[in-house]
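K.L.:
Below is the sequence, then the predicted model.
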Amino acid sequence: MASNGSDMDITPDELFDYSEYYNLNGTSNSPPCDNKNIKNFGSVFLPILYTIVFVLGLVGNILVLALILSKCKKLKSMTDMYLLNLALSDLLFVLSLPFLAYYAADEWVFGSTMCHLVTLLYLFGYYSGIFFITLMSIDRYLAVVHAIFALRARSITYGIITSLVVWCVAFLATLPQLLLSEVQADSANKTCRPNYSSQGWKLFLNLEVIVLGFICPMIIMGYCYTYILIVLIKSRNANKKKAIKLVFIVMITFQVFWAPYNCVILLDTLLQQKVLDGCETSQGIMYTTQVTEAIAFFHCCLNPLIYAFLGEKFQKYLCEVLQKILSLAPLCKSTGISRRYLSVRRSSVRTQSTGSSDLDIVL
């Protein structure tokens with residue numbers, strides 16, 4: 001959201017509202033900034049991007065769910081459990097986007113109940129998705145760096161328990177803004193945004209997004225993947241090059257898509273605290289907030305590729321499904337997916353039996 005009227009600034013973790021021209025100068029005697037171009041830009045740019053993310057995210061994550069549920073009717077691994085929950089998180093998130101697309105183009109017309117529901121879907125999916133990505137890095141760290149301990153720790157029971165904890169933490173992170181959000185009407189239009197009782201709530205919500213949504217996950221992922229890389233480099237496994245590439249893909253993708261968005265949130269926080277001031281600065285933050293947020297949303301479209309379909313096991317699952325649906329047995333044989341999968345499994349069994357790292361979890 002974005003605040004309007006007397007709020008005088010944008011809060012990036014809210015649903016966007018560009019229905020008015022903001023007085024962003026920071027002084028009551030100055031004329032308001034002319035943000036007509038920003039309003040026009042957002043009303044065209046955001047609905048298009050939200051629609052693209054919605055379609056790609058919906059298709060990709062439903063496909064992951066279908067493959068997991070069809071091939072693993074009884075979930076047997078912690079990894080499949082986390083993939084299932086990550087896909088559910090991304091689906092919750094993308095289900096909010098059609099409403100946000102219309103809201104960015106016009107005004108909030110869906111009523112008070114939907115205001116709370118969309119806020120819940122948006123933030124609950126956002127936080128849980130980030131948390132499950134972080135949890136998957138810990139899962140890979142245990143499997144590769146502490147392979148012997150992982151044989152006991154990475155059970156389906158622990159997977160269920162940690163998943164429930166993540167959902168509870170994500171809900172608690174969502175709760176403050178969920179309770180504050182309401183439909184507000186003025187002379188221009190209707191908005192769905194938090195009704196702050198003090199400026200302290202704005203600061204708290206911005207810092208919550210930065211700390212819980214980026215800094216903590218980045219520290220945990222950086223620690224886990226650094227040690228994973230150390231083990232992979234020392235390993236003699238034939239698949240280590242692919243595993244190393246996948247580690248870099250995960251880290252670089254997360255930073256590229258989420259770092260700019262969180263940097264803009266930080267700038268907006270400085271604007272709220274009057275550390276930054278001026279019309280041009282405020283308008284620049286408004287533009288970059290729209291752009292970086294839309295870019296960050298694309299991460300939920302890439303999650304199925306990064307965490308599922310780049311892996312040998314899910315390539316095999318997909319190939320088997322295509323065989324049944326389209327009778328593509330010759331194609332599957334020609335791709336060599338089944339052969340590569342069996343090779344990885346044999347390598348995994350050998351490494352486990354010798355106490356070495358299990359690279360199959362990375363692949």
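P.N.:
On my side now, so go ahead.

K.L.:
Any stretches of the protein with poor pLDDT?
P.N.:
1-36, 71-75, 187-188, 311-313, 317-318, 321-322, 325-363 (pLDDT under 70).

K.L.:
Which parts of the stretch 201-350 of the chain are helices?
P.N.:
216-234, 240-272, 279-297, 299-304, 312-326, 329-335, 337-353 (DSSP state H, counting those that start in this stretch).

K.L.:
could those be laid out in TSV, adding distance to Ile38 and mean neighbour count?
P.N.:
From N, CA and C alone the C-beta is placed, and that goes for glycine too. Formatted as TSV, the helices of the stretch 201-350 of the chain follow (distance: least, CB to CB, whole Å; neighbours: other CB atoms under 10 Å):
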stretch	distance to Ile38	mean neighbour count
helix 216-234	30	17
helix 240-272	14	18
helix 279-297	5	19
helix 299-304	24	23
helix 312-326	42	17
helix 329-335	48	12
helix 337-353	48	15
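
K.L.:
and of the ones you listed, who's closest to Asn189?
P.N.:
Among these, the nearest to Asn189 by CB to CB is helix 279-297 (17.7 Å).

K.L.:
How about Glu293: what's its closest non-neighbour residue?
P.N.:
Nearest residue to Glu293 in three dimensions, chain neighbours excluded: Tyr261, at 5.7 Å (CB to CB, 6 or more residues apart in numbering).

K.L.:
Can you get me a residue count around the nearest residue to Cys224 once chain neighbours are set aside?
P.N.:
Of all residues not flanking Cys224 in the chain, Tyr141 sits nearest, at 3.7 Å (CB to CB, 6+ apart). Neighbour count for Tyr141, taken as other CB atoms under 10 Å: 21.

K.L.:
do the same with the one 5 residues further on
P.N.:
By other CB under 10 Å, the residues close to His146 number 15.

K.L.:
With Leu95 instead?
P.N.:
Burial measure for Leu95: 17 neighbouring residues, criterion other CB under 10 Å.

K.L.:
pretty sure it is touching Leu121, no?
P.N.:
Yes. Counting by CB atoms under 8 Å, Leu95 sits close enough to Leu121 to count as a contact (5.3 Å).

K.L.:
Just to be sure, Glu182 is in a helix?
P.N.:
No. Counting by DSSP: H, G, I helix; E, B strand; the rest coil, Glu182 is not part of a helix but strand.

K.L.:
Give me the neighbour count for the nearest residue to it once chain neighbours are set aside.
P.N.:
Leaving aside its sequence neighbours, Glu182 sits nearest to Asn195 (CB to CB, 6+ apart; 5.3 Å). The tally of other residues near Asn195 (other CB under 10 Å) stands at 12.

K.L.:
Please apply the same query to Lys274.
P.N.:
Neighbours of Lys274 (other CB under 10 Å): 8.

K.L.:
Test my guess that Asp139 contacts Ser77.
P.N.:
No. Applying CB under 8 Å, one finds Asp139 not in contact with Ser77, separated by 9.3 Å.

K.L.:
Give the residues shared as contacts by the two.
P.N.:
Listed as contacting both Asp139 and Ser77 by CB atoms under 8 Å, 6 or more residues apart in numbering are Arg154.

K.L.:
who's more crowded, these two?
P.N.:
Ranked by neighbour count (other CB under 10 Å), Asp139 and Ser77 place Asp139 first, with 25 against 17.

K.L.:
quick one, phi psi at the more buried one?
P.N.:
Asp139 adopts backbone torsions of phi -60, psi -50, taken as degrees, to the nearest 10.

K.L.:
Please list all residues in contact with it.
P.N.:
Counting by CB under 8 Å, 6+ apart, Asp139 touches 78-79, 82, 154, 361.

K.L.:
possible to save the residues you listed as JSON lines with distance to Phe99, secondary structure and neighbour count?
P.N.:
Formatted as JSON lines, the contacts of Asp139 follow (distance: CB to CB, whole Å; DSSP: H, G, I helix; E, B strand; the rest coil; neighbours: other CB atoms under 10 Å):
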{"residue": "Met78", "distance to Phe99": "34", "secondary structure": "helix", "neighbour count": "26"}
{"residue": "Thr79", "distance to Phe99": "33", "secondary structure": "helix", "neighbour count": "20"}
{"residue": "Tyr82", "distance to Phe99": "28", "secondary structure": "helix", "neighbour count": "22"}
{"residue": "Arg154", "distance to Phe99": "38", "secondary structure": "coil", "neighbour count": "20"}
{"residue": "Ile361", "distance to Phe99": "37", "secondary structure": "helix", "neighbour count": "24"}
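
K.L.:
just curious, which of those is nearest to Thr134?
P.N.:
Lowest distance from Thr134 to those (CB to CB) belongs to Tyr82, with 10.1 Å.

K.L.:
correct me, but that closest one touches Thr134?
P.N.:
No. If you go by CB under 8 Å, Tyr82 and Thr134 don't touch, sitting 10.1 Å apart.
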